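> requesting a structural model of the entry that follows:
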Amino acid sequence: MNHVLQLNDGHTIPQLGLGVYKIPEDLAAGAVEIALEAGYRHIDTAALYANERGVGEGLARVALPRDEVFVTTKVWNADHGYDNTLRAFDESLAKLGLDYVDLYLIHWPAPRQDRYIDTYRALEALRADGRARSIGVSNFHTHHLDRLLAETDIVPAVNQVELHPWLQQTEVRAYNAAHGILTEDWSPLARGRAVGNATLDAIGARYGKTAAQVVLRWHIELGNVVIPKSVTPSRIRENLDVFDFTLDAADHATITTLDAGERTGKDPDDLD
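Below is the predicted model of the structure:
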C-alpha cells in the first residue's frame, strides 16, 4: 500500500494504518503480523495500550525493512513533564524494540495538569535527536493548539482526534489545515456504530462495499489519516480494501447530515 500523505516536516505517513487500542498484548503481535502481511505499513500504538511489546514482536516477525513501516506511539497523561516524558519515551522505545519511532504524540492535553507545554518541549528534543522522526499531539482542541503554537518552536505534524460521521470535527479540521497540521482520525467507525447503519449500507450497496468501508473511504477523501482497529484477520484485510472506489458529492452530503457532535470518548478538556 503506497497511499501516503506529506507531513509538514518533510516526512510522509501512510494514510491508512492499524490502530491497536484495547488489543491485549498477547494478541497484538498477531494482529500486527497479519496487517503487515496484508499490506499495511502504519501501526499506531500508545503507552496506555500496554501492548507496545506485542507490537514490537509483530514487527519483528515480519521483518520488513525499518524504513518501510511507520510506527506511532504516545506519551500518557501520568508522564507529562519534560523529564518524565523523556523517561516514558525510553521505555516505549525499549518495549517496541526500535531505535526510533516515526511519530511520537502527546496522547491528551490534560489541561488541568498544565504540563503539556513542557511535555511538548521534550518531544522537540526527541525530534532533534532523531529518535522521533516526527512529533505531534492527540486530542487537542484549537485553544490547546493556540497555546502550543505560541509557546513552542515546532508546529505539530499531526493532531490525532476522535473523528467519525457523528463527530466530524469541522472546526478542528479547518484549524489543522490552516496551520499545516495533518488531521488523523481515531475511532473512525465510532466504535462499531457505522456497522449496520442503514444510510451507510445504502451508499455501500451502490459500490459493493460495506458500511465500514464507506466510512473509511470518507475519511480518506477528507484527506485525513485513519487508523481502524481490528484483531479479526478478515476485517483487517477488509479495512484496507478502500482504494478502488470513490464516493460522489451526494454521498458526502449524505454523510455530512449524520454529524451530531457525539463523542464515544471523553472531551479533551475533561481528562486529567
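> all contacts plus neighbour counts: C-alpha atoms, from now on.
Fine.
> and the strands in the stretch 151-272 of the chain?
Residue ranges of the strands in the stretch 151-272 of the chain, as given by DSSP state E, counting those that start in this stretch, are 158-162, 182-186, 225-226.
> I should have written the stretch 1-150 of the chain there, sorry.
With DSSP E, counting those that start in this stretch as the criterion, the stretch 1-150 of the chain has strands spanning 4-6, 12-14, 18-19, 42-44, 70-75, 101-106, 132-138.
> ok, and for stretch 139-151, which residues are buried?
Within stretch 139-151, the residues scored as buried using 16 or more other Cα atoms under 10 Å are N139, F140, H141, H144, L145, L148.
> whoops, I mixed them up, stretch 190-202
Within stretch 190-202, the residues scored as buried using 16+ other Cα under 10 Å are A190, R193, A194, V195, L200, D201, A202.
> residue contacts, the third one?
Under the criterion of Cα atoms under 8 Å, 6 or more residues apart in numbering, the contact list for A194 reads L200, A211, A212, V215.
> ok, the fifth one next?
Contacts here follow Cα under 8 Å, 6+ apart; on that basis L200 touches A194, T210, A211, A212, V214, V215, I255.
> hang on, the second one packs against T199?
No: using Cα atoms under 8 Å as the test, T210 is too far from T199 to be in contact (11.3 Å).
> and stretch 55-63, what's buried?
Neighbour counts using 16+ other Cα under 10 Å place V55, G56, E57, G58, L59, A60 of stretch 55-63 among the buried residues.
> got it, and stretch 255-265?
Within stretch 255-265, the residues that qualify as buried by neighbour count (16+ other Cα under 10 Å) are I255.
> neighbouring contacts of that stretch?
E162, P165, W166, L167, Q168, Q169, S187, A190, R191, L200.
> cool, stretch 209-216 as well?
Residues lying outside stretch 209-216 but in contact with it, judged by Cα under 8 Å, 6+ apart, are 164-165, 188-189, 194-197, 200-201, 203-204, 226, 238-239, 241-242, 247.
> stretch 35-44 too?
Counting by Cα under 8 Å, 6+ apart, the neighbours of stretch 35-44 from elsewhere in the structure are 1, 13-14, 16-20, 32, 62, 68-73, 227, 233, 236-237, 240.
> ok now it, how far from the chain's centre?
The chain centre lies 13 Å from the centre of stretch 35-44; the measure is Cα atoms, centre = their mean, to the nearest Å.
> buried residues in that stretch?
Residues of stretch 35-44 classed as buried by neighbour count (16+ other Cα under 10 Å): A35, L36, Y40, R41, H42, I43, D44.
> again with stretch 237-256
With burial defined by 16+ other Cα under 10 Å, the residues of stretch 237-256 counted as buried are R237, N239, L240, V242, L247, D251, I255.
> confidence score at the second one?
We have a pLDDT of 98 for N239.
> and the gap between it and A31?
Shown here: N239 relative to A31, a distance of 13 Å by Cα to Cα, to the nearest Å.
> any weak-confidence spans in the stretch 151-272 of the chain?
Regions of the stretch 151-272 of the chain meeting the criterion pLDDT under 70 are absent.
> run through the helices of it in chain order.
Ranges of helices in the stretch 151-272 of the chain, per DSSP state H, counting those that start in this stretch, are 170-178, 198-207, 211-222, 233-240, 249-256.
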